[in-house]
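Peer 1: Generate a structure from the sequence data that follows.
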Amino acid sequence: MAKKQYTLSIRQSIFYPSILIVLISILTVSMILFFNFRRTTSEIVEDSSKEINKQIILNFENYINSVIDTANYIQEKTVEYGLRANQVGLDDVYAQAAEVQPDIESIVLLDRSGHYLVRSTNKTVSEEDLTKKEWFIDALSDDSIYHFSSPHPQDIFLISSSEVITVTKVVTYYYNEVEYQGILVIDINTSNIITLTETTNLGENGHIVIINDDDSLIYSNNTACVTDECQSLQISREIIFGGRSVDIEGTDFYANVNTLRNTRWRMATFINTDVLSTTSANTLWIMALITVVTFFITMTASSIISRRISSPISRLKDHMAKLEHGDFYKKIEIDGQQEVVSLTHSFNSMIEEIQGLMDRIITEQKSKRKTEFQALQNQINPHFLYNTLDSIVYLSENKMNDKVVEMVVALSKFFRISISRGQNIIFLKEEIEHARNYLLIQQIRYNNKFHFHFEVEDSVLNYKVVKLSLQPLIENAIVHGISTEYDEGLITIRAFQEGEDLIMEVEDDGFGMTSEQIQDVYERIQYSSEGKSVGLRNVYQRLKLYYGDKAKFLVDSELDERTTIRLVIPIEGAL
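Peer 2: Numbers count the residues shown, from 1 in each chain. Now for the predicted structure:
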């Protein structure tokens, strides 16, 4: 008794190797995650610190910009109002501006000698020499920018315990229409800056240090930064711009230094990264365990499994490629997993079914095409026969027997070619003769109201064409092209070879058509089933049925000059 061969299913081929892979992966993932975690955490800490620093800088810059906007407004009003004997108008502007922004302690305009010109409050002013104040000297040193001082007790008024930052700038004012320069002085209470720093979450012991361009301390919410011994202050001076991880008294921080626009200050943020690192580590472990382990297990398992199943599937794929090129006559036998073997059997059955269906479809399409072609062919003759017989009756009643004989002979020749022993493809010379007889009959019908002319190359007379290709075009030229009622028209029939194509043309010298009418003809012969343009649509459809896309039906016309209908068929189909 033969031993039964046992083959694994695809599911079993995946499951058993996966158990071994998972066991090995669990042992290696921990080490991989450890080194990957250290690198990724550093990047996260750095990116987070930079974003927080940017947000803090933005908050401070927005506040500083609001102060500058107020100063610009005061400057504009000072120029607009000018100094007069009665300063009530300008004093009110200064006072209102100070009231609008509560953290502004005072707004004062001084001349270059330090004398008071305009002020926002009636508090008692200081008698000190203001020209010796650092903020006054800074303003004169560069009259193009606003200057922000370090925090200091207010110098302008005597009764004030507020610590302020003084904003100064050289401005223009007019007195008796004469231009002068003075110093605009705005004292800002430091409480708002303190509020901005306190509302920023920088983690445990996180803090801010603001220094000016000579590295002097402007402000810090770190109480330890009161002397040059402060480690945060030293780090802020060293970094200049950018950021790095630092250790301050055993705690990890990320220090980031950036400039404040419109000032000569730099701001350093110190973010506690101990908490951030712990939080990031917990999240990273979970994500890494799910993502990385799954990825590597799946990748490794797929690599092993693909080698086991690739051979039979590749063979099946190659056979399917042959199927794309029409090879339906060869079966394929594949050994391997149960599913692959079953799929192969189903594939072979499908090929047999497709082969049978294709044979039946080809047979049916040939029969259908032949029937459609014959039906289109048969549409032409009855309509023409009715009109011709009607004309013969008319000629007979009017005793025009010679014309009757001539028309009957032409009609006989016309239908002898039309019948053509049941053939649908005839020689071009027969089609030309058929067209000539048709024109003779119509010429008699219309009492010689048009003439016709043939321009046919001898070399193409023995080419074969679809029967009754020219007659509907000639009929269209007679009915719609030329005026048989008033004028004598000319119809020209041409046939010649152009490259690899046989060209047949019917041209009349009648009314012509506009581009819109030509487009309408194209739409009717391709899509419409209405009664109009039946003959043209009949020719177009028969050409497409026989020659396919290689055949072309072209209309060219000049209004009140001519209309030419051109049929283009491939020479290979005419031999």
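
Peer 1: When you work out contacts or count neighbours from here on, use the C-alpha atoms and nothing else.
Peer 2: Noted.

Peer 1: ok, so what distance separates residue 17 from residue 138?
Peer 2: 78 Å (Cα to Cα, to the nearest Å).

Peer 1: swap that for residue 402, please
Peer 2: For residue 402, the distance to residue 138 - Cα to Cα - is 125 Å.

Peer 1: higher neighbour count, these two?
Peer 2: Shown here are residue 402 and residue 138; by other Cα atoms under 10 Å, residue 138 has more neighbours (17 against 11).

Peer 1: Which residue ranges of the stretch 201-350 of the chain form strands?
Peer 2: All strands of the stretch 201-350 of the chain, identified by DSSP state E, counting those that start in this stretch, fall at 207-211, 217-220, 242-248, 251-259, 266-272.

Peer 1: just these: most buried one?
Peer 2: strand 266-272 (a mean of 27; mean count of other Cα atoms under 10 Å).

Peer 1: Now do that one: everything it contacts.
Peer 2: Applying Cα atoms under 8 Å, 6 or more residues apart in numbering, the contact partners of strand 266-272 are 49, 53, 57, 202-213, 236, 251-260.

Peer 1: what's the angle from it to strand 207-211?
Peer 2: 160 degrees (axes from the mean of the first three to the mean of the last three Cα atoms, to 10 degrees).

Peer 1: number of nearby residues for residue 260?
Peer 2: When neighbours are counted by other Cα under 10 Å, residue 260 comes out with 17.

Peer 1: Kindly give the local confidence score, pLDDT, for it.
Peer 2: Note on residue 260: pLDDT of 79.

Peer 1: what's the nearest residue to it if we skip its chain neighbours?
Peer 2: Take residue 260 and drop its neighbours on the chain: the residue closest to it by Cα to Cα, 6 or more residues apart in numbering is residue 266, 5.9 Å away.

Peer 1: Relative to residue 221, how far out is that neighbour?
Peer 2: 15 Å.

Peer 1: same deal with residue 285?
Peer 2: Counting by Cα to Cα, the gap from residue 285 to residue 221 is 35 Å.

Peer 1: ranges for the helices of the stretch 401-550 of the chain?
Peer 2: 401-419, 428-445, 471-476, 515-526, 534-547 (DSSP state H, counting those that start in this stretch).

Peer 1: could these go into JSON lines alongside distance to residue 126 and mean pLDDT?
Peer 2: Below are the helices of the stretch 401-550 of the chain laid out as JSON lines (distance: least, Cα to Cα, whole Å; pLDDT from 0 to 100):
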{"stretch": "helix 401-419", "distance to residue 126": "124", "mean pLDDT": "72"}
{"stretch": "helix 428-445", "distance to residue 126": "119", "mean pLDDT": "87"}
{"stretch": "helix 471-476", "distance to residue 126": "110", "mean pLDDT": "88"}
{"stretch": "helix 515-526", "distance to residue 126": "92", "mean pLDDT": "90"}
{"stretch": "helix 534-547", "distance to residue 126": "105", "mean pLDDT": "85"}
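
Peer 1: Nearest to residue 451, out of those helices?
Peer 2: helix 428-445 (7.5 Å; Cα to Cα).

Peer 1: Pull out the buried positions in the closest one.
Peer 2: Buried residues in helix 428-445, counted by 16 or more other Cα atoms under 10 Å: 428-432, 434-445.

Peer 1: try stretch 36-55
Peer 2: Applying 16+ other Cα under 10 Å to stretch 36-55 flags 37, 41, 45, 46, 48, 49, 50, 52, 53, 54 as buried.

Peer 1: Return the helix or strand in the chain with minimum mean pLDDT.
Peer 2: helix 338-378 (a mean of 60; mean pLDDT, DSSP states H and E).

Peer 1: Identify each buried residue in stretch 109-128, please.
Peer 2: For stretch 109-128, by 16+ other Cα under 10 Å, it's 109, 110, 111, 112, 114, 116, 118, 119, 120, 121.

Peer 1: Out of these, which two sit at the greatest distance?
Peer 2: Most distant of the buried residues of stretch 109-128, by Cα to Cα, are 112 and 121, 20.5 Å apart.

Peer 1: measure the residue nearest to residue 260 to residue 147 for me?
Peer 2: Distance from residue 266 to residue 147, by Cα to Cα: 14 Å.
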